[in-house]
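Asker: Task: produce atomic coordinates for the following.
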Amino acid sequence: MQVVEETHDYPVPAKQLWALATNLDHLETMNAPLIRFSTLPDGRLRTGLVIETRVSVYGVLPSQPYRIEVLTCDDDTMLAQTTESGSGVRSWNHTITVTETENGSRLTDRIEIDAGVLTFAYAWWARKLYRHRDTPRRTLLGLNKD
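Answerer: Residues are numbered from 1 along each chain as shown. Purely as a prediction, here's the structure:
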């Protein structure tokens with residue numbers, strides 16, 4: 001298993017960042033063009049939600065089954081935890097936290113990955129993916145204005 005952690009700061013209230021981070025309506029936008037989903041539910045993450053979808057890297061590689069189970073999604077503590085698997089991943093345990101900072105808020109993604117002998121490659125991909133999400137997240141927050 002390997003752990004990847006990415007942290008990004010935003011000059012917005014923590015509740016605003018949390019609302020975006022847990023909004024499934026923006027998940028495809030945040031991952032494009034790196035990952036394409038076949039279907040995603042509308043709305044927000046919520047404890048107990050199970051998402052059965054298919055994912056394709058860059059929309060070019062054949063889509064693979066992927067499962068996301070939301071273990072917890074707590075609006076008070078701004079903590080969400082999922083356990084995910086599929087597409088070559090044995091386990092992808094993702095913890096999202098949003099905290100207040102002096103200048104706004106901080107989002108931290110912590111991912112524990114087990115993909116057998118390919119864990120190192122999936123960890124590289126996770127770093128790329130979660131760093132990539134920063135730009136569309138800033139746009140969705142209205143921070144990337146021309």
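Asker: Against which helices or strands is the lengthiest strand in the chain packed?
Answerer: For the chain, the longest strand by residue count, based on DSSP state E, is strand 89-101. Secondary-structure packing of strand 89-101 (3 or more CB pairs under 8 Å, 6 or more residues apart in numbering; DSSP states H and E): helix 14-21, strand 79-86, strand 104-114, helix 119-132. No exception for glycine: its C-beta is placed from N, CA and C like everyone else's.
Asker: give me the low-pLDDT residue ranges for the chain?
Answerer: For the chain, the stretches flagged by pLDDT under 70 are 146.
Asker: With adjacent residues omitted, what lies nearest to residue 32?
Answerer: residue 136 (7.4 Å; CB to CB, 6 or more residues apart in numbering).
Asker: Look at the one you found and say how many residues are nearby.
Answerer: 16 (other CB atoms under 10 Å).
Asker: ok, now which ones touch it?
Answerer: 26, 29-30, 32 (CB atoms under 8 Å, 6 or more residues apart in numbering).
Asker: Can you lay out those as CSV showing distance to residue 39 and neighbour count?
Answerer: Formatted as CSV, these follow (distance: CB to CB, whole Å; neighbours: other CB atoms under 10 Å):
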residue, distance to residue 39, neighbour count
26, 15, 17
29, 15, 13
30, 16, 21
32, 15, 14
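Asker: if we can go back for a sec, host element of the residue nearest to residue 32?
Answerer: Using DSSP states H and E, residue 136 maps to helix 134-140.
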